[in-house]
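Undergrad: quick one, structure for this:
(one chain, ligands or ions: 1)
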Amino acid sequence: MNFNELKNVKVTISDDGIAWVNLNRPDKRNAMSPDLHFEMVDVLKELAEDPKVRVLVLGGEGESWCAGQDIKLFFRELDDKPRERHLARLANHEWRWTLLSSFPKPTIAMVHGYCFGGAFVQLFACDFAIAADEALFGLSEVNWGILPGGLVGKVIVDGLSYRDAVYYSMTGEQLDGKKAAEIKLVTQSVPGEQLRARTEALAQELAKKNPQTLRTIKESLRLVRGMSVDQAADYLLAKEREMRFLDREGGREKAMTQFLDEKTYRPGYGEYQRGAEEQGEKEAS
Ligand code: ACO
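TA: Predicted coordinates for the structure are as follows:
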């Protein structure tokens, strides 16, 4: 896929394995048009199994992260076009939830400026959200006379306290990054000038960890929420076995050898020493 041909999304993959994916409609505060949805489906499918990518950061060009759905292009202009509306809705759901929440690598929402309405879906689909203190969040649907639909209502009751979900969706009151961090709408907020550096540091930390372990942790935590205790216990055991089968680094055995036999590290402080093979491969090639 040639990322340079995209009109509504900007993709840059850095040498340290971070895919910086920015919504790219700055003049419209990155409101989401049907074309943006179609492009994001292609981008996420392309990046998911790209071996160069270890972490994905979702950001926004210009002064806003995402001002929600494009009221003109996604709503009004599709009102009388059922086929186009159907296809746009499918793509809208596919990238913001199906592909992003199950993305096989860690995902970080890096939020500055505005985050409104429909943007809450991709906010919650990401594993982490780092916001600028000055960012502004709002469930403005109530001000448009519409529901926080398209999965927004579901992600907020699942991700926030019920009281906060009801309060912010019925009042439409805005909250800044600090308040968003306080109610755990985001993981953390930092002064705007530190946003990129903090996000990059987190991404780099994640990029150093065993990718199969990270993948299994995120898949497991998302799914056990809807399970009974017995189902969760059985599922987690099965996932553990799956992970050991799929982990090409043999992380569990390596960690035990380094801790018990070689006494070269303490797992409480960091990770087992990875990459000896990778280094060898690099040197050989
Ligand atoms: N849909 C369509 N166009 C939008 C949207 C949107 N959601 N948000 C901003 N724009 C457009 C504006 O119409 C304007 O276009 P124009 O230059 O052609 O007139 C341009 O982006 C810049 O917007 P301004 O309002 O001029 O910028 P400002 O910085 O003053 O305000 C703000 C930004 C607060 C985001 C404001 O545009 C706004 O309130 N937008 C609506 C946000 C919203 O409620 N989103 C949720 C929609 S509902 C849903 O997602 C389900």
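Undergrad: quick check on the closest residue to the ligand within the stretch 101-250 of the chain: phi, psi?
TA: Among residues of the stretch 101-250 of the chain, the one nearest the ligand by C-beta to the nearest ligand atom turns out to be residue 117. It sits 2.7 Å away. Bear in mind the C-beta positions are built from the backbone N, C-alpha and C, glycine included. Comment: the main-chain dihedrals of residue 117 come out as phi 50, psi -120, following degrees, to the nearest 10.
Undergrad: isn't it right up against residue 69?
TA: Yes - in this structure, residue 117 sits in contact with residue 69. The criterion is C-beta atoms under 8 Å, and the distance is 6.4 Å.
Undergrad: give me the nearest residue to the residue of the stretch 101-250 of the chain closest to the ligand, chain neighbours excluded.
TA: Counting by C-beta to C-beta, 6 or more residues apart in numbering, the nearest residue to residue 117 once its immediate chain neighbours are dropped is residue 68, at 3.2 Å.
Undergrad: number of nearby residues for the residue of the stretch 101-250 of the chain closest to the ligand?
TA: Counted with other C-beta atoms under 10 Å, residues neighbouring residue 117 total 27.
Undergrad: need the contact list for it.
TA: 67-69, 138-141, 144, 148, 152 (C-beta atoms under 8 Å, 6 or more residues apart in numbering).
Undergrad: helices - which of these land there?
TA: The helices in this structure, assigned by DSSP state H, contain 141, 144, 152 from the contacts of residue 117.
Undergrad: which of those residues come close to the ligand?
TA: On the criterion C-beta under 6 Å from any ligand atom, 141, 144 are the entries of the ones in helices among the contacts of residue 117 that sit beside the ligand.
Undergrad: drop anything exposed from the ones in helices among the contacts of residue 117.
TA: Of all the ones in helices among the contacts of residue 117 considered here, the ones buried according to neighbour count by 16 or more other C-beta atoms under 10 Å are 141, 152.
Undergrad: how close does residue 188 sit to residue 161?
TA: When C-beta to C-beta, to the nearest Å is the yardstick, residue 188 and residue 161 sit 18 Å from each other.
Undergrad: between those two, which one's more packed in?
TA: A count of neighbours by other C-beta under 10 Å puts residue 188 above the other of residue 188 and residue 161, at 15 against 12.
Undergrad: that one bridge partners, please.
TA: Each beta-bridge partner of residue 188 is listed here: residue 130, as defined by DSSP bridges.
Undergrad: that one contacts residue 181, correct?
TA: Yes - taking contacts as C-beta under 8 Å, residue 188 lies within contact range of residue 181: 5.6 Å.
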